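Enquirer: Structure of the sequence below:
(one chain, ligands or ions: 2)
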Amino acid sequence: MSQGVAVAAKQDAIDLPVAAREAAGAGPVPSAAIGGLSIRGLSKSHQLKGKALEVLQDIDLEIQPGEFVALVGASGCGKTTLLRILLGLERDFTGVVEQDGAAITGPSPERGIVFQEHRLLPWLTVEQNVAFGLGGRVKDKQEVRERVRQYLGLVGLNGFDAAYPAQLSGGMAQRAAIARALINRPRLLLLDEPLGALDALTRLHMQKELEEIWRREKVTALLVTHDIEEAIYLADRVIVLSPRPGRIKRQIRVPLGRPHDRDSSGFIAIKDELLAEFQLQAERHFYYTI
Ligand SMILES: Nc1ncnc2c1ncn2[C@@H]1O[C@H](COP(=O)(O)OP(=O)(O)O)[C@@H](O)[C@H]1O
Ligand SMILES: [Mg+2]
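Expert: Ligands and ions are numbered 1, 2, ... in the order given. Below you'll find the model as predicted:
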């Protein structure tokens, strides 16, 4: 393990500016990128049988424009709740949640989401499903067709525009869901375990594709995953949430050149650090997901 990586991997809760990120070898940050996120003092309770269930507690998180951040944490610690707040679907919380300096007060085409299930409409073709993401905002039919073509190409679904969801494999359906999320050209892409339902080989392949799409689109990304390797492979920074109520327990940077090499000593060192957070180190050859 190189000394630099060991030191960097131990950097907790420090938000490096973009220039420092580049200097640390995390790859260039696109200058045109926007989509930075600022979460300050965020707490959220759900009502359950008349009682308040505290789900998120005092979350402070700054995400730089163009950054890829992964969020890992036990089931039920509030990850989906956090993404729903960022989408603008949950309004009842305390604290500040801003995108590019403006408070998030409701859903917006500036923010797209991909869920674990593709949620494509079964009676629409792939082309129609992807166009559906535009929500009628683009009126010019030629432009709609052009955008659909562009994003189907981006996710590698050229030639499947007339297929129905039932005719697609799991990986292809998730690609269509990614195209549907990106067609608005959002500044922030939220990913809620988007590869969680795929078989292991398809998942590895899709991780590579997702990384390439993120690089090409220059979109800020926040990924929820249970797969520690997936988090390190994709993210510039991995955030560990504590069990409910979700609090930021640990932040680990991934100061490796892109694409992150799973066999590199730096990658393995970070994986060990994360496994230790979940007390899985001893069994790491057998269990690397949480
Ligand atoms: N609308 C809701 N009403 C009441 N409780 C909820 C609601 N949504 C989620 N919860 C509860 O909040 C906790 C966090 O849920 P969630 O954000 O989905 O966690 P995660 O995505 O980390 O698994 C869970 O205990 C869940 O049961
Ligand atoms: Mg969830």
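Enquirer: Quick check: bridge partners of the residue nearest the centre of the chain?
Expert: Residue closest to the mean C-alpha point of the chain, counted by C-alpha atoms, centre = their mean, is Leu223 at 2.0 Å. As for beta bridges, Leu223 partners with Ala70, Leu191 under DSSP bridges.
Enquirer: My guess is it contacts Ile232. True?
Expert: No - between Leu223 and Ile232 there is no contact under C-beta atoms under 8 Å: 11.2 Å. C-beta here means a position set from N, CA and C on the backbone, and glycine is covered the same way.
Enquirer: Mutual contacts of those two, please.
Expert: Here Leu223 and Ile232 share the contacting residues Ala70, scored by C-beta atoms under 8 Å, 6 or more residues apart in numbering.
Enquirer: re the thing from before, before we move on, what's the pLDDT of the residue nearest to the centre of the chain?
Expert: pLDDT for Leu223: 98.
Enquirer: So it versus ligand 2, what's the distance?
Expert: Distance of Leu223 to ligand 2, given as C-beta to the ion, to the nearest Å: 12 Å.
Enquirer: Can you give me the domain assignment for the chain?
Expert: 3-110+187-283, 117-185 (automatic domain parsing).
Enquirer: Where among those domains is average confidence lowest?
Expert: Mean pLDDT is lowest for domain 3-110+187-283 among the domains of the chain, at a mean of 85.
Enquirer: and that domain, how far out from the chain's middle?
Expert: Taking C-alpha atoms, centre = their mean, to the nearest Å, one finds the center of domain 3-110+187-283 at 6 Å from the center of the full chain.
Enquirer: what's near enough to touch Leu124?
Expert: Applying C-beta under 8 Å, 6+ apart, one finds that Leu124 lies in contact with Phe132, Tyr164, Pro165.
Enquirer: quick one, what contacts the residue lying closest to the second one once chain neighbours are set aside?
Expert: Which is Tyr164. Of all residues beyond its chain neighbours, the one nearest Tyr164 is Thr125 (5.9 Å), with distances taken as C-beta to C-beta, 6 or more residues apart in numbering. When contacts are counted by C-beta under 8 Å, 6+ apart, Thr125 touches Asp161, Ala162, Ala163, Tyr164.
Enquirer: what about the closest residue to Val224 other than its chain neighbours, distance to ligand 2?
Expert: Spatial nearest neighbour of Val224, chain neighbours left out: Lys79 (4.5 Å); criterion: C-beta to C-beta, 6+ apart. Using C-beta to the ion, one obtains 5 Å as the distance from Lys79 to ligand 2.
Enquirer: can you count the residues close to the nearest residue to Arg119 once chain neighbours are set aside?
Expert: Closest residue to Arg119 apart from its sequence neighbours, by C-beta to C-beta, 6+ apart: Ala177 at 6.5 Å. A total of 25 residues lie near Ala177 under the criterion other C-beta atoms under 10 Å.
Enquirer: Am I right that Ala177 sits in a helix?
Expert: Yes - when classified by DSSP: H, G, I helix; E, B strand; the rest coil, Ala177 is found to be part of a helix.
Enquirer: burial of the closest residue to ligand 2 within the stretch 1-150 of the chain, as a residue count?
Expert: As assessed by C-beta to the ion, ligand 2 sits closest to Thr80 within the stretch 1-150 of the chain, at 3.2 Å. Using other C-beta under 10 Å, Thr80 is surrounded by 17 other residues.
Enquirer: That one: which element?
Expert: Per DSSP states H and E, Thr80 falls inside helix 79-87.
Enquirer: Which residues outside that helix are in contact with it?
Expert: 37, 39, 42, 44, 46, 55-56, 59, 71, 73, 90, 93, 97, 99, 104, 107, 111, 113, 188, 190, 192, 222, 224, 241, 246.
Enquirer: This structure against ligand 2: which residues are in contact?
Expert: Lys79, Thr80 (C-beta under 5 Å from the ion).
Enquirer: Name the residues of the chain found near ligand 1, please.
Expert: Residues of the chain that fall close to ligand 1, judged by C-beta under 6 Å from any ligand atom: His46, Leu48, Leu53, Val55, Ser75, Gly76, Cys77, Gly78, Lys79, Thr80, Thr81, Arg244.
Enquirer: got a winner among those residues for most neighbours?
Expert: Top of these by neighbour count (other C-beta under 10 Å): Gly78, with 28 neighbours.
Enquirer: Surely Leu256 is in contact with Gly266?
Expert: Yes - counting by C-beta under 8 Å, Gly266 is a contact partner of Leu256 at 5.1 Å.
Enquirer: which ones are touching the closest residue to Phe160 other than its chain neighbours?
Expert: Residue nearest to Phe160 in three dimensions, not counting chain neighbours: Val126, with 5.2 Å by C-beta to C-beta, 6+ apart. Contacts of Val126 were listed using C-beta under 8 Å, 6+ apart, and they are Leu120, Leu152, Leu157, Phe160, Asp161, Ala162, Ala163, Tyr164, Pro165, Leu168, Ala176.
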